[in-house]
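Colleague: Return atomic coordinates for the entry below.
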Amino acid sequence: MSTLVAKPEGSLSRRISTFLYQRAKVGLALLLAPPTFWLGLVYIASLAALLLTAFWSVDSFTGDLKREWNLDNFITVLSDSTYQAVTLRTVGIALAVTIIDVAIALPVAFYMSKVASKNWQRFLVISMTLPLWSSYLVKAYAWRSVLSTGGILDWMLNPFGIDSPGYGLEGTVITLAYLWFPFVVLPIYTSLQRVPNSLLEASADLGGGTLKTVRSVVVPMIIPGIIAGSIFSFSLTLGDYIAVKIVGGATQTIGTLIYTNVGTANNLPLAAAIAFVPLVIILIYLASVKRTGALENL
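Modeller: Here you go, the predicted structure:
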């Protein structure tokens, strides 16, 4: 007489695995849930708390935080001539840094992608990424030494009757342009890698010179890379204050204003209101770029 033995239905992990395999969207949702929750908690919630703080004020006599809703901080930031001047200066620095980086990155990236040999190309790519492995503070303080009176830049320029720019607006632009250069050149280099050499050869066969080929063939195809690099350099410059404190001298930017109001002035609500200025500026920039369709090709 035979007996029937029920077969085990499988382990719990196998059943879960089968369930997720058959329902790919559920698996994707579960996979994305933890990072999405963390992003919402750390980033979006912190921005919401910052915005909430911007509507409060500080008692001028006691220095205590007054949790009373008002628009005084935003009115001050938008109407005070000092804040307007600092905002324009910061945007000007960000534009200057971005233009300098793009102007230098274009020929460098073109050489890396289309002219250099494979071995030399690898060496240049590693050279461009090496600065990203070192400390931001070390690089900023290195430029403080370079820009100082009697520093290496002063020593190199003095024979030509030129003084080092020293600490100030020019030193800030030079330092920030150096700091963010890898973030600009690498996206442009990646875009150039996607440009087929056959297009360059076809342009040359049709009588197009080097400049015309670059202007008519190369540049339109690498616009997404240029935009990606400019987003990095522009946004990072808008929010920077450490390099400005190190090499900027008396230069005031949005970042240093926020730092001063958080620390010395002990006016956190005003600092929160100022912090939204670069955020709004970069959102406007991203919106204008999105209208061109360049972001879709990144």
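
Colleague: residues contacting residue 86?
Modeller: Neighbouring residues of residue 86 by C-beta atoms under 8 Å, 6 or more residues apart in numbering: 252-254, 257. For glycine as for every other residue, the C-beta is placed from the backbone atoms N, C-alpha and C.

Colleague: any idea of the mean pLDDT in the one helix or strand it maps to?
Modeller: Following DSSP states H and E, one finds residue 86 within helix 81-110. Averaging pLDDT along helix 81-110 yields 96.

Colleague: Ok, stretch 15-33 next?
Modeller: The predicted model gives stretch 15-33 an average pLDDT of 78.

Colleague: Alpha carbons of it, as PDB, please.
Modeller: Only the C-alpha atoms of stretch 15-33 are listed here, as PDB (Å, rounded to 0.1, in the frame of the first residue of the first chain):
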ATOM      1  CA  ARG A  15       8.000  32.300  -3.500                       C
ATOM      2  CA  ILE A  16       8.900  36.000  -3.000                       C
ATOM      3  CA  SER A  17      11.300  35.800  -5.800                       C
ATOM      4  CA  THR A  18       8.700  34.300  -8.100                       C
ATOM      5  CA  PHE A  19       6.200  36.900  -7.100                       C
ATOM      6  CA  LEU A  20       8.500  39.800  -7.900                       C
ATOM      7  CA  TYR A  21       9.600  38.200 -11.100                       C
ATOM      8  CA  GLN A  22       6.000  38.000 -12.300                       C
ATOM      9  CA  ARG A  23       5.300  41.500 -11.200                       C
ATOM     10  CA  ALA A  24       8.300  43.600 -12.400                       C
ATOM     11  CA  LYS A  25       6.700  46.900 -11.500                       C
ATOM     12  CA  VAL A  26       6.200  45.900  -7.900                       C
ATOM     13  CA  GLY A  27       9.800  44.900  -7.700                       C
ATOM     14  CA  LEU A  28      11.000  48.100  -9.200                       C
ATOM     15  CA  ALA A  29       8.800  50.100  -6.800                       C
ATOM     16  CA  LEU A  30      10.300  48.200  -3.800                       C
ATOM     17  CA  LEU A  31      13.800  48.700  -5.100                       C
ATOM     18  CA  LEU A  32      13.300  52.500  -5.500                       C
ATOM     19  CA  ALA A  33      11.400  53.000  -2.300                       C
END
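
Colleague: Buried residues of it, list them for me.
Modeller: Going by neighbour count (16 or more other C-beta atoms under 10 Å), nothing in stretch 15-33 comes out as buried.

Colleague: and which of the contacts of residue 86 is nearest residue 111?
Modeller: For those, the residue nearest residue 111 by C-beta to C-beta is residue 253; the value is 33.2 Å.

Colleague: And the furthest pair within the contacts of residue 86?
Modeller: Using C-beta to C-beta, the contacts of residue 86 reach their maximum pairwise distance at 252 and 254, which is 8.6 Å.

Colleague: who's more crowded, those two?
Modeller: It is residue 254, of residue 252 and residue 254, that has more neighbours when counted by other C-beta atoms under 10 Å, with 27 against 17.

Colleague: Can you get me a residue count around the spatially closest residue to the more buried one that is not a sequence neighbour?
Modeller: Of all residues not flanking residue 254 in the chain, residue 90 sits nearest, at 4.5 Å (C-beta to C-beta, 6 or more residues apart in numbering). Other residues lying near residue 90 total 25 when counted by other C-beta under 10 Å.
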